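Colleague: build me a model:
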Amino acid sequence: MEGEPFLDRDWELGWLQGAWESGTAEFRILYGRRRVGKSALLDEFARGKRCIVYQAVEGTTADQLRDLTSAILACEPDPVLREAPLPNWEAALQQFNRMASNGRLLVILDEYQYAAMADRTLASRIQRWWSREAAKLPICLVLCGSYIRFFEENVLNGPAYGRHTGFIQLHPLSYREAGLFLPGWSAEDRIRAFAVTGGMPHYLRQLDPHGSLAWNIAHNVLERGAVLYQEAELVVREELREPRVYYSILRAISDGCTEASKISDRVQLAPRTNIAPYLQTLRDLGFVDNREAVVGRTMRRGIWILADPYLRFWFRFVLPNKQQLDTGHDVERFYRTAVAPRLDDFVSKPIFEDICRAWVGQQIALGAWPGVTKVGSWWGPMPKPLPDNRRNQVEAEIAVVAAAGDQVVLAGEAKWTNKPVGFDVLNHLRSVVDNLPGADASTQLMLFGRRFEPRLGAAAEAEGIRLITPAQLYA
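Modeller: Modelled structure (predicted):
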């Protein structure tokens, strides 16, 4: 929205700024899914620079060149160009040459895929222009776009391969970065909000930081006509060529189908159709993920989950009640009766666990637990003898595990409950750690929770067990 401050993305902005300040020819590529904040990042980067910022739209090459002409004239007046708009892309590239010959020039071609799909020769034209002419000029070129697969197949591995000077895929904001959008909210409500919107800046912008969490969910997610009420359906249609199939896959995973075979059975694809490419496409977009135990062998293979928090919330609370909500139901009453009683259970797994793992990763980046190479979760067999079966086993889980190779450095439990975390949780963690491959007496134990029993705090301090609250996750 106009006038809103630009929040975070410090590293990415520095990466772009480094290209500008190098003084030499730079060819950078930035891509990522829609709504992740690419255009806002580029607008912030372009601020105060001599630049051409052009955002392509679907349409003919002639229309796109007229729009590019306007973008060039917005950078610098040119009476000749005003009278005779660019006739083709070759003329556009030569115009860039002329402007760069008079001083450093930034050229941003946003939503580049539309221009490239309208003119199939454009990629090779840019490659030839860069190799023969632009690479000798003080020009900084940035290609940006939203079609992830297009960029990976046709830009990174297309004619630009070996010629660009750097690329990044822009990912959603972390929970800490997302919290910057809601500075006046408690740590607990920022975590709940992250469970609803995830780290997509466009989604976070829909929330009113001056309103309550309850009001925002009711009116900005559950109310017909709100952006986040219909966004899930729109984003699936925009991003994917077979939205019906992908939509069914997402719904199957939301309903608890976590194995590829069960997802396939639920979706009922055509005979001999492999579901793996569909799942991989959804994974590339960040919609789903396949989770595996971080150490040891497990009783089950990797599981599929909805990785996008917003989609998880939408499939859990909006879709099953859409007919009711479409009729203009009292959304505040609906929130109180249908969402609020289940919201904390929804937050607990996997969002709160993901946040705790992310916090551990941040601490490692700051120098804690040297040597740790992977952070994740673990599930596996744990003995539970029965009177008639002394060898009986059950599957146990640990939410947060950090390992250096096969050595478990840290093991923690994450509990998002109204009840304070007590000795029962700690004792259970100890019993599971006894069966965790790679754990030993040196393994750091840790508990994450909304609050803790007072007696537990004293005992944990005496034993070197760390207790982490939501406020500490944002500290």
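
Colleague: so which helix or strand takes in F167?
Modeller: strand 166-169 (DSSP states H and E).

Colleague: how about the CA coordinates for that strand, as PDB?
Modeller: The C-alpha coordinates for strand 166-169 follow below in PDB (Å, rounded to 0.1, in the frame of the first residue of the first chain):
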ATOM      1  CA  GLY A 166      24.100 -13.800  -9.300                       C
ATOM      2  CA  PHE A 167      20.600 -15.000  -8.600                       C
ATOM      3  CA  ILE A 168      18.400 -15.600  -5.600                       C
ATOM      4  CA  GLN A 169      14.900 -17.100  -5.000                       C
END
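
Colleague: which strands border it, and is each parallel or antiparallel?
Modeller: strand 26-31 (parallel) (DSSP bridges).

Colleague: which residues does the strand it pairs with contact?
Modeller: Residues outside strand 26-31 that contact it (C-beta atoms under 8 Å, 6 or more residues apart in numbering) are 12, 15-16, 19-20, 38, 41-42, 130, 134-135, 139-148, 151-152, 155-156, 160, 163-170. Just so you know, the C-beta spots here come from the backbone N, C-alpha and C atoms, and that holds for glycine as well.

Colleague: so for stretch 177-195, what gets flagged as buried?
Modeller: 177-179, 181-182, 185, 187-195 (16 or more other C-beta atoms under 10 Å).

Colleague: equivalent analysis for stretch 57-74, please.
Modeller: The neighbour-count check on stretch 57-74 (16+ other C-beta under 10 Å) flags Q64, L65, D67, L68, T69, A71, I72 as buried.

Colleague: one more: stretch 399-412?
Modeller: A399, V400, V401, A402, A403, Q407, V408, V409, L410, A411, G412.

Colleague: wait, the fourth one touches W378, no?
Modeller: No: the criterion here is C-beta atoms under 8 Å, and A402 misses it with W378 at 10.5 Å.

Colleague: what sits in contact with each of those two?
Modeller: With C-beta under 8 Å, 6+ apart as the test, A402 and W378 both reach A411.

Colleague: now tabulate the buried residues of stretch 57-74 in CSV and tack on secondary structure.
Modeller: CSV is the format used below for the buried residues of stretch 57-74 (DSSP: H, G, I helix; E, B strand; the rest coil):
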residue, secondary structure
Q64, helix
L65, helix
D67, helix
L68, helix
T69, helix
A71, helix
I72, helix
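
Colleague: looking at the residues you listed, which one is closest to E332?
Modeller: Taking C-beta to C-beta as the measure, E332 lies nearest D67 of the buried residues of stretch 57-74, at 43.4 Å.

Colleague: sorry, back to before: between the buried residues of stretch 57-74, which sits nearest P437?
Modeller: Using C-beta to C-beta, the buried residues of stretch 57-74 come closest to P437 at Q64, 56.5 Å.

Colleague: hmm, which two among the buried residues of stretch 177-195 are most spread apart?
Modeller: The farthest-apart pair in the buried residues of stretch 177-195, when distances are taken by C-beta to C-beta, is E177 and E188, at 17.7 Å.

Colleague: and which of the buried residues of stretch 399-412 is nearest S101?
Modeller: Using C-beta to C-beta, those come closest to S101 at A402, 53.5 Å.

Colleague: can you pull the contacts of the closest one?
Modeller: By C-beta under 8 Å, 6+ apart, the contact list for A402 reads V360, I364, W369, V372, K374, V375, V408, V409, L410, A411.

Colleague: pLDDT added to those residues, as JSON lines?
Modeller: Listed next are those as JSON lines, based on pLDDT from 0 to 100:
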{"residue": "V360", "pLDDT": "98"}
{"residue": "I364", "pLDDT": "96"}
{"residue": "W369", "pLDDT": "94"}
{"residue": "V372", "pLDDT": "95"}
{"residue": "K374", "pLDDT": "95"}
{"residue": "V375", "pLDDT": "97"}
{"residue": "V408", "pLDDT": "96"}
{"residue": "V409", "pLDDT": "97"}
{"residue": "L410", "pLDDT": "97"}
{"residue": "A411", "pLDDT": "98"}
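
Colleague: so which of the buried residues of stretch 177-195 are in helices?
Modeller: Using DSSP state H to define helices, the subset of the buried residues of stretch 177-195 located there is E177, A178, G179, A187, E188, D189, R190, I191, R192, A193, F194, A195.

Colleague: and the residue nearest the centre of the chain?
Modeller: Nearest to the mean C-alpha position of the chain, counting by C-alpha atoms, centre = their mean, stands P172 at 3.3 Å.

Colleague: nearest residue to that residue other than its sequence neighbours?
Modeller: Nearest non-adjacent residue to P172, counting by C-beta to C-beta, 6 or more residues apart in numbering: G199, 3.3 Å away.

Colleague: what about the one you found, how many neighbours?
Modeller: When neighbours are defined as other C-beta atoms under 10 Å, G199 has 24 of them.

Colleague: name the helix or strand of this structure that has the lowest mean pLDDT.
Modeller: helix 148-150 (a mean of 84; mean pLDDT, DSSP states H and E).

Colleague: same for it, what does it pack against?
Modeller: helix 112-118, helix 276-284 (3 or more C-beta pairs under 8 Å, 6 or more residues apart in numbering; DSSP states H and E).

Colleague: neighbours around the nearest residue to E292 once chain neighbours are set aside, how many?
Modeller: Of all residues not flanking E292 in the chain, G302 sits nearest, at 4.0 Å (C-beta to C-beta, 6+ apart). Applying other C-beta under 10 Å, we find 14 residues neighbouring G302.

Colleague: distance of G302 relative to Y246?
Modeller: 20 Å (C-beta to C-beta, to the nearest Å).

Colleague: which parts of the strand holding F167 are buried?
Modeller: Buried residues in strand 166-169, counted by 16+ other C-beta under 10 Å: F167, Q169.

Colleague: ok, now stretch 29-46?
Modeller: Result for stretch 29-46 [16+ other C-beta under 10 Å]: buried residues 29-42, 44-46.

Colleague: could you do stretch 212-226 as well?
Modeller: Buried-residue list, stretch 212-226, by 16+ other C-beta under 10 Å: L213, A214, N216, I217, A218, H219, N220, V221, L222, E223, A226.

Colleague: swap in stretch 315-325?
Modeller: For stretch 315-325, the neighbour count (16+ other C-beta under 10 Å) marks F315, R316, F317, V318, L319, L325 as buried.

Colleague: ok, stretch 467-475 next?
Modeller: L467, I468, T469, P470, L473, Y474.

Colleague: turn the residues you listed into a markdown table, including pLDDT, distance to Q393 and secondary structure.
Modeller: Shown next, in a markdown table, are those (pLDDT from 0 to 100; distance: C-beta to C-beta, whole Å; DSSP: H, G, I helix; E, B strand; the rest coil):
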| residue | pLDDT | distance to Q393 | secondary structure |
| --- | --- | --- | --- |
| L467 | 97 | 30 | strand |
| I468 | 97 | 30 | strand |
| T469 | 97 | 34 | coil |
| P470 | 98 | 34 | helix |
| L473 | 98 | 34 | helix |
| Y474 | 96 | 39 | coil |
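
Colleague: columns distance to M117 on top of the residues you listed, output as a markdown table?
Modeller: Below are the buried residues of stretch 467-475 laid out as a markdown table (distance: C-beta to C-beta, whole Å):
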| residue | distance to M117 |
| --- | --- |
| L467 | 54 |
| I468 | 48 |
| T469 | 50 |
| P470 | 45 |
| L473 | 43 |
| Y474 | 42 |
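
Colleague: I am finished for the moment; much appreciated.
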